[in-house]
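K.L.:
Starting from these lines, generate the structure:
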Amino acid sequence: MGEIPKISNAEWEVMKIIWNHSEITSINIIQELKDKAAWKPATVKTLINRLLNKNAIGFNKSGTEYIYFPLLAEEECIKSESQSFINRVFNGSMKSMLLNFVESKEISEMDINELKNILNQSSKKEG
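P.N.:
You can find the predicted model right below:
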């Protein structure tokens with residue numbers, strides 16, 4: 001897959017809905033967002049257009065309706081955004097990020113144990 005475009009926080013909210021439905025109209029996107037954000041329909045349509053321009057989503061026309069679908073996999077966008085965050089905030093160091101969460105008590109003992117298990121499983125697969 002090509003380069004993942006930078007997606008704003010507001011655009012992420014629209015993408016989450018599209019990923020959850022795989023095909024959806026703007027009316028349904030607006031309906032789902034009304035409880036999450038106080039955006040007017042025109043704002044949501046602007047966000048949809050931005051995502052179209054970024055090639056994050058595509059559409060099919062059915063009569064007078066446009067049916068939107070994702071062109072980017074959610075997992076790829078999450079991976080790209082995560083890496084961007086780690087690079088921007090922690091100079092690319094995963095260790096620094098984890099240390100920050102552990103030292104600031106933002107991560108529970110249960111989460112730490114789960115991470116240990118995941119890391120142990122990962123190292124067994126590599127070995």
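
K.L.:
and the gap between the residue nearest in space to the middle of the chain and S123?
P.N.:
Note on the chain: the residue nearest the mean C-alpha position is I78, at 4.8 Å, using C-alpha atoms, centre = their mean. Computed with C-beta to C-beta, to the nearest Å, the distance linking I78 and S123 is 23 Å. C-beta here means a position set from N, CA and C on the backbone, and glycine is covered the same way.

K.L.:
With Q83 instead?
P.N.:
Q83 sits 21 Å away from S123 when distances are taken as C-beta to C-beta.

K.L.:
Which secondary structure state does K105 sit in?
P.N.:
Three-state assignment for K105 (DSSP: H, G, I helix; E, B strand; the rest coil): coil.

K.L.:
Report how many residues lie close to it.
P.N.:
Neighbouring residues of K105 were enumerated by other C-beta atoms under 10 Å; the total is 8.

K.L.:
Next: K79.
P.N.:
Under the neighbour criterion other C-beta under 10 Å, K79 is assigned a count of 12.

K.L.:
ditto for N87
P.N.:
Other residues lying near N87 total 11 when counted by other C-beta under 10 Å.

K.L.:
so which helix or strand takes in it?
P.N.:
Under the assignment given by DSSP states H and E, the secondary-structure element containing N87 is helix 74-90.
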